[in-house]
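Trainee: What shape does this take:
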Amino acid sequence: MGQLDGKIAIVTGAGRGIGRAIAILFGREGAKVAAISRTRETLDETVKEIEDAGGTAIAIPCDVSRKDEVDAAVAATIEAFGTVHVLVNNAHDRNGQQAPFMETTEAKFQQQFATGLFSTVHFMQACYPHLREHHGKVINFASGAGVLGAYGFTPYAAAKEAIRGVSRVAAREWGEDRINVNIICPTSMTDALKESIEDPAIMEIVSRTPLGIPGDPLREVAPLALFLATPGSDYITGHSFHVDGGNLMDAGR
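Mentor: Predicted structure coming up:
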């Protein structure tokens, strides 16, 4: 018997990395998963892996920066599965965003807030009636880049800290509905290292990690998301969980 039997979960950014790992684990634990991302091909791979393990999932291509597509994706989930119990907001396009602060443009801020903060807000608002009905769970994703102020990541860090802010407000306002809203902040994950394992900037982050190794999304992040989706976390809300090998133990929370 799975820990998420009978539950319906939306997982954004489910085509690769952390989102894919969470979608697969949720499927293994009995949830029906709406796997959402921009690229159909990678979503189909995620869905196939879930189905091959005996689970149930659907692929919903969606540009999460567009509210109309977010609303359509949630509507498609409701049409297929009837409701939503768990929302995982993992999608965020950070590609091409590294630049010194003085070279950061308004366009880069707009792109980061559209794919990160606004997509998170829009999915939360679209799912709220269903989450309220079931005392649901929201799991949002921020980053150690925002907590530490990672060099060259101004728009990304700003968007991630904004996600933490709106998550805490929602946790307080939605507490009366018994909706739990929590945040996971992963750092030094292998999905970021896959294409650039020898990148000096990436490896420098890993070298500062007390545990000395990069994290694996399926091994380190997905189990925490699973816990936050189950009744075991019913009395936990508004908190940030740092999955970082110890990177942020000395940082202000």
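
Trainee: Let me know the pLDDT of Leu248.
Mentor: We have a pLDDT of 76 for Leu248.

Trainee: what does the one 3 residues further on give?
Mentor: Looking at Ala251, its pLDDT stands at 55.

Trainee: Next: Thr230.
Mentor: Confidence score, pLDDT, at Thr230: 98.

Trainee: likewise the one 5 residues further on?
Mentor: At Tyr235 the predicted local distance difference test score is 98.

Trainee: quick one: what helix or strand has it in it?
Mentor: In this structure, Tyr235 is located outside every helix and strand according to DSSP states H and E.

Trainee: In contact with His239, which residues?
Mentor: Applying Cβ atoms under 8 Å, 6 or more residues apart in numbering to His239 gives the contacts 182-183. C-beta here means a position set from N, CA and C on the backbone, and glycine is covered the same way.

Trainee: Next, count neighbours for Leu228.
Mentor: Neighbours of Leu228 under the rule other Cβ atoms under 10 Å: 23.

Trainee: That one: what secondary structure?
Mentor: Put simply, Leu228 is helix when judged by DSSP: H, G, I helix; E, B strand; the rest coil.

Trainee: Enumerate every residue touching it.
Mentor: Per Cβ under 8 Å, 6+ apart, neighbours of Leu228: 137, 139, 180, 182, 184, 236, 241.

Trainee: For the first one, give me phi and psi.
Mentor: In this case it means Lys137. phi -130, psi 140 (degrees, to the nearest 10).

Trainee: And it, what's its pLDDT?
Mentor: Lys137 is assigned a predicted lDDT (pLDDT) of 98.

Trainee: Tell me what it is bridged to.
Mentor: On the basis of DSSP bridges, Lys137 takes part in beta bridges with Val86, Asn180.

Trainee: Wait, it touches Met124, no?
Mentor: No: judged on Cβ atoms under 8 Å, Lys137 makes no contact with Met124 at a distance of 11.6 Å.

Trainee: Go through the protein and flag its longest helix.
Mentor: If you go by DSSP state H, the chain has its longest helix at helix 154-173.

Trainee: Which one of Lys137 and Met124 is surrounded by more residues?
Mentor: Using other Cβ under 10 Å as the criterion, Lys137 and Met124 rank with Lys137 on top: 26 against 21.

Trainee: ok, now how distant is that one from Leu43?
Mentor: Using Cβ to Cβ, to the nearest Å, one gets 22 Å for the distance from Lys137 to Leu43.

Trainee: about what we covered before: adding distance to Val169, write the contacts of Leu228 out as TSV.
Mentor: Formatted as TSV, the contacts of Leu228 follow (distance: Cβ to Cβ, whole Å):
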residue	distance to Val169
Lys137	17
Ile139	16
Asn180	14
Asn182	13
Ile184	18
Ile236	17
Phe241	18
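
Trainee: still on that earlier bit, so what's in contact with Lys137 and Met124 at the same time?
Mentor: By Cβ under 8 Å, 6+ apart, Lys137 and Met124 have these common neighbours: Leu87.

Trainee: Sounds good, over and out.
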